[in-house]
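In: How does the following fold in three dimensions:
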Amino acid sequence: MTQTRTRTSTTVRLAPPPPALMRMVNPLVRRVLTDPRLGPRIALKALLEFTGRRSGRTLRVPVCLHTINGIPTVFTERPWRFNFTDPAPVTVTQQGRVRHGRAVLLQTTPLQVGTALRAALDNGASPFELGLKVSGAQEPTIADLSTIERSMIRIDFDDEA
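Out: Residues are numbered from 1 along each chain as shown. Model prediction:
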């Protein structure tokens, strides 16, 4: 008798926090990330500061900053990402350190996004930190993660050679 293996399906979907909740929570998160006593204790969260391409206003957006293959990367589906269609100056505050650089919205394929999301998970990020909901008994594969419509923003810091 042959034994057949069945894979329990794993489903992955986008599950970012609701915008209304973020409008309430983000002012507190901004203060915590820039506080000299508390900011250094928070590893993955960072504060991006940049100028809106149409409004000209300074925007301060809390994000999770992931290192993917040695490259600081932000995953998002939010509209502010279009400020980086062309490389734009950015200031990043993370763990009490303020760094300047340029950010650019990457043109990626679903496979590239899935591979980067898998790398972030392998580096210790939780699905929640990636704005994902994962159900099923297995870890999501690159193929599973390739179904997620996320954009990637690369940050090149001025103080890196």
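
In: Near residue 136, how many other residues are there?
Out: Other residues lying near residue 136 total 13 when counted by other CB atoms under 10 Å. (C-beta placed from N, C-alpha, C; glycine too.)

In: Would you confirm that it contacts residue 13?
Out: No. Taking contacts as CB atoms under 8 Å, residue 136 lies outside contact range of residue 13: 11.3 Å.

In: In which helix or strand does the residue nearest to residue 71 when sequence neighbours are not counted reside?
Out: In space, residue 71 comes closest to residue 154 once its chain neighbours are excluded; the distance is 5.7 Å by CB to CB, 6 or more residues apart in numbering. Here residue 154, judged by DSSP states H and E, is contained in strand 151-157.

In: Would you give the sheet partners of that strand, along with the direction of each?
Out: As defined by DSSP bridges, the strand partners of strand 151-157 come to strand 71-76 (antiparallel), strand 97-105 (antiparallel).

In: can you give me the offset of the shortest one from its chain's centre?
Out: Right, strand 71-76. 5 Å (CA atoms, centre = their mean, to the nearest Å).

In: Much appreciated, bye for now.
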